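Engineer: mind folding the following:
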Amino acid sequence: MFLIENRSSNTDDKEELNSRRLNKRVKYRSKLLKDIQRFRKEYLGKLVQKRNEKQSRSPQIREIVLVEDYNKKRLFWSFAKIIELIPGRDRKIRTVKLKT
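Structural biologist: Numbers count the residues shown, from 1 in each chain. The predicted structure is shown next:
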């Protein structure tokens, strides 16, 4: 019998496999980064920022409104009809007379 050095190729395969996996992962992450940057630039750049302020309109005579009652649920609030508008010093309608 001859003693022959037997090279084990198991470590080479593992290293090659890990190398392939890492290369795939690097490509995936770089593509993901590009997609996120594109999303931020294109989509988020086109979104319009809106104010939280709601455009309020002044009430009109003969409108039907809900009369808030803190002791009741909204479902049970009563309805009323505006019969007179009372402007404030700044000429904005701040108070109304109601008929329930």
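
Engineer: and stretch 81-93, how far apart are its ends?
Structural biologist: Start-to-end span of stretch 81-93 (CA to CA, to the nearest Å) is 16 Å.

Engineer: likewise stretch 79-99?
Structural biologist: 9 Å.

Engineer: any idea how far it is from the chain center?
Structural biologist: Taking CA atoms, centre = their mean, to the nearest Å, one finds stretch 79-99 lying 37 Å from the centre of the chain it belongs to.

Engineer: list the buried residues of it.
Structural biologist: The neighbour-count check on stretch 79-99 (16 or more other CB atoms under 10 Å) flags Ala80, Ile82, Val96 as buried. Bear in mind the C-beta positions are built from the backbone N, C-alpha and C, glycine included.

Engineer: also stretch 62-79?
Structural biologist: Residues of stretch 62-79 include none that count as buried (16+ other CB under 10 Å).

Engineer: now what about that stretch, what contacts it?
Structural biologist: Contacts with stretch 62-79, where a contact means CB atoms under 8 Å, 6 or more residues apart in numbering, come from Pro59, Ala80, Lys81, Ile82, Ile83, Leu98, Thr100.

Engineer: report the distance from that stretch to the chain centre.
Structural biologist: Counting by CA atoms, centre = their mean, stretch 62-79 comes out at 31 Å from the chain centroid.
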